[in-house]
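Chemist: Starting from these lines, generate the structure:
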Amino acid sequence: MKKMAIGAVAVIALLGFTSVFVVDEGQRGIVVQFGKVKRDAEGQPRVYEPGLHFKVPLIDNVRKMDARIQTLDGQADRFVTSEKKDLIIDSYVKWKIEDFSKYYLATGGGNRMQAEALLKRKINNGLRSEIGNRTIKDIVSGERGAVMEDALKKMARSSELGIKVVDVRIKQINLPVEVSNSIYQRMRAERNAVAREHRSQGREKAEVLRADIDRKVTVMLADAESHARQLRGEGDAEAAKIYAESYKKDPEFFSFVRSMEAYRKSFAGNNDMMVIKADSEFFRYLKDANAK
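Modeler: This is a model prediction of the structure:
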């Protein structure tokens, strides 16, 4: 009898324990009874807020789901613009569960991976539609915000998953690798052409400057030569003037000095020979040793 009482108490305690469940902060809970979501008196799915709640033990199954805003950040995907040009766009989505009952049924029991896969497909379809109506210039330069707003509006109207899309953002826009390589090659070719043009212009200016410098040097050398000749002429004139003045003071002595210089230059070599008359004027000062 005592054992039966202990067993009954244990069963009651077990039933009491299994009839209580706790929903944590940031979560919401729904109760599934015989495969169907439990509803309130008005026929709406009953959503349990954070706190302590009761359920029918062994019959009701509690499903807890994250009610916070979540981020879907997948891999970049390829999109086609209105010009039939490919773009690689990396985006992310902020979303949260709005209808927990619908979310539970649409995602196979609240499977988050399945929910994100379905949401990613819908987001890509929305972005593909918006990008397909715009050119690359529109998307890159000024209409990126419009693309995200229009995609957000379409996702907000789509509620079959029980999900509310809070925000859609494009993080990065790139060209495909093969297109980027061709663009880089074209840019490199254009830059090389510009560089060659600048180099040719530089060589042209260098030739102009070199010619101008050569002209100036030639003019300077000509001026210097002219000035040098002028100075030499003035010097020769001054020398001639000095010689003339010296000659006037003592012509005989001047003639003697000039004759001595002529003798020294004429007889400088050892094998020099002169054929000249003995009574020549050249030997005037050699004929008479006592000459004045």
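Chemist: How far does the host helix or strand of E238 sit from its chain's centre?
Modeler: Element membership for E238 (DSSP states H and E) is helix 177-249. Distance of helix 177-249 from the chain centroid (Cα atoms, centre = their mean, to the nearest Å) equals 41 Å.
Chemist: which strands and helices sit next to it?
Modeler: Judged by 3 or more Cβ pairs under 8 Å, 6 or more residues apart in numbering; DSSP states H and E, helix 177-249 is in contact with helix 251-266. No exception for glycine: its C-beta is placed from N, CA and C like everyone else's.
Chemist: Tell me where the model's unsure across the stretch 101-250 of the chain.
Modeler: Along the stretch 101-250 of the chain, segments meeting pLDDT under 70 span 141-144, 153-159, 178-180.
Chemist: let's see 50
Modeler: Counting by pLDDT under 50, the stretch 101-250 of the chain contains no low-confidence range.
Chemist: Wasn't V56 part of a strand?
Modeler: No. Counting by DSSP: H, G, I helix; E, B strand; the rest coil, V56 is not part of a strand but coil.
Chemist: ok, it - contacts?
Modeler: Contacts for V56 (Cβ atoms under 8 Å, 6 or more residues apart in numbering) come out as 19, 33.
Chemist: Pretty sure L152 sits against R169.
Modeler: No. If you go by Cβ atoms under 8 Å, L152 and R169 don't touch, sitting 9.4 Å apart.
Chemist: who has more neighbours, these two?
Modeler: L152 (19 against 16; other Cβ atoms under 10 Å).
Chemist: Y247: neighbour count?
Modeler: If you count neighbours by other Cβ under 10 Å, Y247 ends up with 14.
Chemist: distance of the most centrally placed residue in the chain from E190?
Modeler: Taking Cα atoms, centre = their mean, the centroid of the chain lies closest to Y184, which sits 12.3 Å from it. Between Y184 and E190 the distance is 11 Å, computed by Cβ to Cβ, to the nearest Å.
Chemist: what does D150 give?
Modeler: Using Cβ to Cβ, D150 is found at 35 Å from E190.
Chemist: Same check on E225?
Modeler: Separation of E225 from E190 (Cβ to Cβ): 52 Å.
Chemist: With G235 instead?
Modeler: Distance from G235 to E190, by Cβ to Cβ: 66 Å.
Chemist: E245 now?
Modeler: Here E245 is placed at a distance of 81 Å from E190 (Cβ to Cβ).
Chemist: likewise I170?
Modeler: Separation of I170 from E190 (Cβ to Cβ) stands at 29 Å.
Chemist: repeat for Y247
Modeler: Going from Y247 to E190 by Cβ to Cβ gives 84 Å.
Chemist: Next: K249.
Modeler: According to Cβ to Cβ, K249 stands 87 Å off from E190.
Chemist: now swap in Q201 and tell me
Modeler: From Q201 to E190 the distance is 17 Å (Cβ to Cβ).
Chemist: ok, now I183?
Modeler: Taken as Cβ to Cβ, the span from I183 to E190 is 10 Å.
Chemist: again, but for V166
Modeler: For V166, the distance to E190 - Cβ to Cβ - is 44 Å.
Chemist: Looking at these two, which is more packed in?
Modeler: V166 (16 against 10).
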